[in-house]
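[1] Output the structure for:
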Amino acid sequence: MTRSSAARAWEEPAKLLTPNVESPAPPRRRAIVYAWRPAPGRHAAAIERALSLRYRFLKRALDIAVSLSLLLLLLPVGLTVALLVELTSPGPVFYCEERIGRFGVPFRIFKFRSMYALRPHVLEIGREPHLHASASRFGKKASDPRVTPVGRILRRTSLDELPQLWNVLAGDMSLVGPRPIIEAERHLYGCHSPYYDLFRPGLTGLWQISGRSEVGYDRRVSFDAEYASRWSCFLDLVILARTIPAVVMMRGAY
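    Next up, the predicted model:
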């Protein structure tokens, strides 16, 4: 898609950029209709990349191949983690939460439960939106009494996010992309919100390889904008390669 074709597209309705109206849809699967608006250079670059055939086909093929391979390879690890979660604290093995996907379409994200699930004062952050927004704004606490002993290990090793490979395989997420957010966080993105809506949320990304919870929220948002305006398959491969040492060193993971 050339820059001139992107410019013409700004004059036509599309499911991108600024939220306009909500189209009728079944509960929990509502889609937000977006209207094109003239955008500065970085926006135009992000639009061109997000609507390219490379993003639509090549990146999707990479997501399917890698996520399916990892699911099969890590199946014994996943079963072991599920057993540990089940035996060490009451509650479901998986934690599910609605996140905002590409073009504003919500989806349910899956994780291994890392917090106590039954006592009101130790519920998962995601069940209390106002707490979730606050925690997301200022980062996770290094010591949180709601996290189970096994959950601390899962978070440090990022094994709690292993079930998100299913989200990648299903097409709700990508291996690399912006961090998945909830609706309560959308306003925190401000003028950078269009960057987020153009791309599928990622299992990893620039934020994850740059310090994770040690990075402030404003910097995290700028990472998402930078990724959107610079996206390429090569950049995805670089981020995937750098994710391995970032996970091993456990920097900012808690």
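[2] Retrieve the pLDDT associated with Leu71.
    Note for Leu71: predicted pLDDT of 96.
[3] That one against Leu165, yeah?
    Yes - using C-beta atoms under 8 Å, Leu71 is in contact with Leu165, at 5.1 Å. All C-beta atoms are positioned from the backbone trio N, CA, C, and that covers glycine.
[4] Which one's more surrounded, those two?
    Taking neighbours as other C-beta atoms under 10 Å, Leu71 and Leu165 compare with Leu165 leading, 22 against 16.
[5] List the contacts of that one.
    Under the criterion of C-beta atoms under 8 Å, 6 or more residues apart in numbering, the neighbours of Leu165 are 67, 70-71, 74, 203.
[6] Mind checking which of the residues you listed are in strands?
    Among the contacts of Leu165, the residues falling in strands (DSSP state E) are Leu203.
[7] Of the contacts of Leu165, which belong to helices?
    Among those, the residues falling in helices (DSSP state H) are 67, 70-71.
[8] Out of those, which comes closest to Gly190?
    Ser67 (31.3 Å; C-beta to C-beta).
[9] How much space separates the closest one from Val147?
    Ser67 sits 27 Å away from Val147 when distances are taken as C-beta to C-beta, to the nearest Å.
[10] Likewise for Leu58?
    Note on Leu58: its distance to Val147, by C-beta to C-beta, is 38 Å.
[11] what about those two, which has more around it?
    Set Leu58 next to Val147 and count neighbours by other C-beta under 10 Å: Val147 wins out with 21 against 13.
[12] Strands along the stretch 151-254 of the chain, start to end?
    Counting by DSSP state E, counting those that start in this stretch, the stretch 151-254 of the chain has these strands, from start to end: 174-176, 202-204.
[13] So which of those strands is nearest Leu235?
    Between Leu235 and these, the shortest gap by C-beta to C-beta is with strand 174-176, which sits at 7.8 Å.
[14] just the helices in the stretch 51-200 of the chain please.
    Remark: helices assigned in the stretch 51-200 of the chain by DSSP state H, counting those that start in this stretch are 53, 60-73, 75-88, 129-138, 149-157, 164-170, 193-198.
[15] Cheers, nothing more for now.
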